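1. I would like to see how this sequence folds:
(2 chains)
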Amino acid sequence: MADSTLPTPHPAPVEPAPIIGPGHTFASVTDKIGAVVLSGRTPRWWFVGFGIAFSLLMLFLYSVSYLVLKGIGIWGVNVPVAWGFAIINFVWWIGIGHAGTLISAILLLLRQEWRTSINRFAEAMTLFAVACAGMFPLLHLGRPWLFYWLLPYPNTMGVWPQFRSPLMWDVFAVSTYATVSFMFWFVGLIPDLATLRDRSPSRVGRFTYGMLAMGWRGSARHWHRYETAYLLLAGLSTPLVVSVHTIVSFDFAIGVIPGWHATIFPPYFVAGAIYAGFAMVMTLAIPLRKAYGLEDFITMRHLNYMARVMLATGLVVAYGYMMEAFMAWYSGNPYEQYMILNRLTGPYAPLYWALMMCNVVVPQAIWFERVRGSVPALFIIAMFVNVGMWLERFIIVVTSLHRDFLPSSWGMYYPTFWDWSTFIGTIGLFLTLLFLFIRFLPMISIFEMRTLVPEAEVKEEA
Amino acid sequence: MPRPPIYGLMAEFTEPNELIAAVRRTREAGFQHIDAYTPYPIEALSEALGFHRNRLPLLVLIGGIIGLLSGYGLQYWVAVIAYPINVGGRPFHSWPAFLPITFETTVLGAALFAVLGMLALNGLPMPYHPVFNVPRFALASRNRFFLCIEATDPQFDRENTRRFLERLVPREVSEVEH
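-> Below you'll find the model as predicted:
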């Protein structure tokens, strides 16, 4: 933007947009967010969206039934690529979940008030994404009904799990993550459930929300402990989220396969997870704020900040790609060198370049102020990143496995219909849960929004 | 002590600052059994009410320690005592490999204690509570602020306390039935 007049004041240097629209009060935020759930009028697009999501969920159930009937031979996995879609999708989903925890925990500890209007549904997104993620290792077991063999419990077989295996670490990491995420989300919901209880027009609503709110009455004593618990949970979730994706990366890094056995994996995976998660939050937030007219609560400033987090984590991920290539060359290890050459020019090279396009090239557009201010542009970039992060996991899992040390054991991996249907089916599961969530629970934390309205300002020594 | 005829007296305020000022004056007047109800957490209010003691952090620490010891203990017991397997000649007590799970169980224990401890210390779930008998109390979860002087307070007197509360210029004073 070339301008001839010399001293150009930079437009809006500090705060480009407020974190809450003007003119809101305690009552207005309560009523506006509560109305989405309580008004009783479900918009038509909700039924359309839920219908599509539910159909996909049925596809998932169908695929799982067929899997149980036939075994994992219906997937494209085989030696040498025994991991395939199941692990790609597992890592992809769990990565998406991480932004929810990041937004709710880390940004809370950093006192980033703008997180308030997005943390609730980001946490819900975490929960649903973890549910989808958890499906894949279980289904991949081959005999999913025996999944409880993974748990350490005294059994008549007299065997115990092998705790030196990263796959056991996964069991503990993912189940802890799911439990803590659920508790964090539910604790955050309690005061809002009380609001819904007090405002629901129907008996069923009052009873259901009342039971879930557990008799919350907003006592100052309760709030005091509540805030302590919430803060401590945030403090616990922060290292937890880092540990979970670190452990997921150990699934790879502990192995000796070329392209996996790298110390950069944990930070690179964690950054990738946050990157993917923020992309997914944007993907969900943009249509939701539009559909429910919540532009006052999820403002351009939120989108702008999320875009910046995406840009920053995207650069870390790009650095990870660069380091993978550099270390392959610098290690002098012919297998590592071949691995990277195979990625760049081998049979899966188009996917590698598509990944570079989606994750490294396209997001650079976020550097431009105009792109950060454009909702459609941000949505498109977020979609690119969603695809890119999935491709990243595909590249990591498949290109490393399909050609390892011995050319005689090389092979190709092609996903089958059932690979795709299971994957798309989990998207159905995710969206179904999400549609139910936005219909029956407040998607924005009402009580935290109350703290942001001007009325809430407490005068010092009144 | 015989049960007082009512639970207490409740005053309603429209502004957080009014409530905080009212709480301060109530405390200065010597009332002890009081509680305030707000639609969102107000830090200055807990100070005005004068509670600083909070046992929750200690509980969370205990939960974390229990999680840590049981996580590590479980792995040690399984790998060394119950089901020792020689993996590439490594020691049975291969502690570095036990750390990831130990970390997870520590966080799990602490988080469980944080949530369940918060609920237990708050006496929740408690579906019935006398304050819900005040019809306007439903607004405590929306935009109104309430101060309740409980009848168990030694200074409580149905008439005098009501007059005292009215001097705080609330929007309304109501009796809280049991």
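2. Skipping adjacent residues, who's closest to the spatially most central residue of chain B in space?
-> Against the mean C-alpha coordinate of chain B, by Cα atoms, centre = their mean, the closest residue is residue B:122 at 3.9 Å. Distances taken as Cβ to Cβ, 6 or more residues apart in numbering or on different chains put residue A:222 closest to residue B:122, at 4.6 Å, once the chain neighbours are dropped. C-beta here means a position set from N, CA and C on the backbone, and glycine is covered the same way.
3. Please tell me how far the one you found sits from residue A:118.
-> Computed as Cβ to Cβ, to the nearest Å, the residue A:222 to residue A:118 distance reads 25 Å.
4. ok, and what's touching stretch A:428-437?
-> Outside stretch A:428-437, the residues that touch it by Cβ atoms under 8 Å, 6 or more residues apart in numbering or on different chains are A:46, A:49-50, A:52-60, A:93, A:121, A:124-125, A:127-129, A:131-132, A:135, A:284, A:443.
5. If you could redo that for stretch B:109-119, that was the one I meant.
-> Here stretch B:109-119 makes contact (Cβ under 8 Å, 6+ apart) with A:179-180, A:183-184, A:186-187, A:214, A:225-226, A:228-229, A:232-233, A:236-237, A:240, B:56, B:59-68, B:70-71, B:125.
6. Roughly how far does the residue of the stretch 1-150 of chain A found nearest chain B sit from residue A:449?
-> Nearest to chain B in the stretch 1-150 of chain A, going by Cβ to the nearest Cβ, is residue A:26, at a distance of 3.5 Å. Distance of residue A:26 to residue A:449, given as Cβ to Cβ: 9 Å.
7. give the contact list for the residue of the stretch 1-150 of chain A closest to chain B.
-> Here residue A:26 is in contact with A:450, A:453, A:455-456, B:39-40, B:142-143 (criterion: Cβ under 8 Å, 6+ apart).
8. Those residues in helices, which ones?
-> The members of the contacts of residue A:26 that map onto helices under DSSP state H are residue A:450.
9. Now distance to residue B:170, neighbour count and pLDDT too, for the contacts of residue A:26, in JSON lines please.
-> Listed next are these as JSON lines, based on distance: Cβ to Cβ, whole Å; neighbours: other Cβ atoms under 10 Å in any protein chain shown; pLDDT from 0 to 100:
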{"residue": "A:450", "distance to residue B:170": "20", "neighbour count": "27", "pLDDT": "82"}
{"residue": "A:453", "distance to residue B:170": "21", "neighbour count": "18", "pLDDT": "79"}
{"residue": "A:455", "distance to residue B:170": "17", "neighbour count": "15", "pLDDT": "75"}
{"residue": "A:456", "distance to residue B:170": "19", "neighbour count": "17", "pLDDT": "74"}
{"residue": "B:39", "distance to residue B:170": "16", "neighbour count": "29", "pLDDT": "86"}
{"residue": "B:40", "distance to residue B:170": "19", "neighbour count": "22", "pLDDT": "85"}
{"residue": "B:142", "distance to residue B:170": "17", "neighbour count": "18", "pLDDT": "81"}
{"residue": "B:143", "distance to residue B:170": "15", "neighbour count": "20", "pLDDT": "81"}
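10. Save the contacts of residue A:26 as CSV, and put in distance to residue A:162 too.
-> CSV is the format used below for the contacts of residue A:26 (distance: Cβ to Cβ, whole Å):
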residue, distance to residue A:162
A:450, 50
A:453, 54
A:455, 58
A:456, 53
B:39, 51
B:40, 48
B:142, 54
B:143, 57
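11. Give me the below-cutoff pLDDT ranges for the chain.
-> I'll assume chain A. A:1-18, A:459-462 (pLDDT under 70).
12. that's the wrong chain, I meant chain B
-> Scanning chain B for pLDDT under 70 picks out B:1-2.
13. which residues in it form helices?
-> When assigned using DSSP H, the helices of chain B occupy the ranges B:16-28, B:43-49, B:56-76, B:95-121, B:158-167.
14. Tell me what angle the last one forms with helix B:16-28.
-> Compare the direction of helix B:158-167 with that of helix B:16-28 by axes from the mean of the first three to the mean of the last three Cα atoms, to 10 degrees and you get 140 degrees.
15. which other residues reach helix B:158-167?
-> B:5-6, B:9, B:11, B:26, B:29, B:31, B:147, B:149, B:151, B:155, B:173, B:175.
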